[in-house]
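> Requesting a structural model of the entry that follows:
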Amino acid sequence: MPPIKAGNKTKDFMLKDQHNKEFRLLEVKNKKILLSFHPLAWTKICAKQMDSLEKNYLTFKKLNILAFGISVDTVPSKHAWAKELKIKNTRLLSDFWPHGNIAKLFGIFRDKEGFSERANIIIDEKQIVRFIKIYQIPQLPNIEEIIKVIDGLK
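Residues are numbered from 1 along each chain as shown. Okay, the predicted model is just below:
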């Protein structure tokens, strides 16, 4: 399935975060969403990617956007990893079961490897995809670029 395109409406979904709390897309009102997909927890580039979300938590808040890290790792793994990285504000969502289901919904699941692309997807308040960028697996997304895109969506 090809990646979802900007302008497409996304379907509702539910995932659990590192604290085993549910996140449901349609329950978020009047905020934009950044889904920052990363292949696997406990890897160097993925850790830097999640750290960049955490460090920019207040910037995201000012821009009326909720940022989430998302990968196929289990909730307990996400919990331990968030603790290791000292992530307190950013929710790390588990796309573990059905395995990679949300990455598949967005067309960014890598069947051969069993994990998602490294990607950033911005969804507006009406569940419309406003931005999608897929990165090379070893490439750290430029958080400043993402902040500029978000700021331009006002």
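> how far does whichever strand or helix holds residue 35 sit from the chain's center?
Following DSSP states H and E, one finds residue 35 within strand 32-37. Its chain's C-alpha centre and that of strand 32-37 lie 4 Å apart, by C-alpha atoms, centre = their mean, to the nearest Å.
> Given it, what are its sheet partners and their directions?
Applying DSSP bridges, strand 32-37 is found paired with strand 65-71 (parallel), strand 118-123 (antiparallel).
> all strands for the chain, in order.
Ranges of strands in the chain, per DSSP state E, are 14-17, 22-24, 32-37, 65-71, 91-94, 109-110, 115-116, 118-123, 129-135.
> Name whatever forms a beta bridge with the residue nearest to residue 75 when sequence neighbours are not counted.
Spatially, and ignoring its direct neighbours in sequence, residue 75 is nearest to residue 94 (4.7 Å; C-beta to C-beta, 6 or more residues apart in numbering). For glycine as for every other residue, the C-beta is placed from the backbone atoms N, C-alpha and C. When bridges are called by DSSP bridges, residue 94 pairs up with residue 16, residue 71.
> tally of neighbours for residue 94?
24 (other C-beta atoms under 10 Å).
> I'd like the numbering to begin with 40 instead of 1 from here.
Sure, I'll start counting at 40 from here, so that last one is residue 133.
> Next one: it, what pLDDT does it get?
We have a pLDDT of 98 for residue 133.
> next one: residue 107
98.
> try residue 155
Confidence for residue 155, expressed as pLDDT, is 98.
> Residue 139 is in contact with that one, correct?
Yes. Taking contacts as C-beta atoms under 8 Å, residue 155 lies within contact range of residue 139: 6.3 Å.
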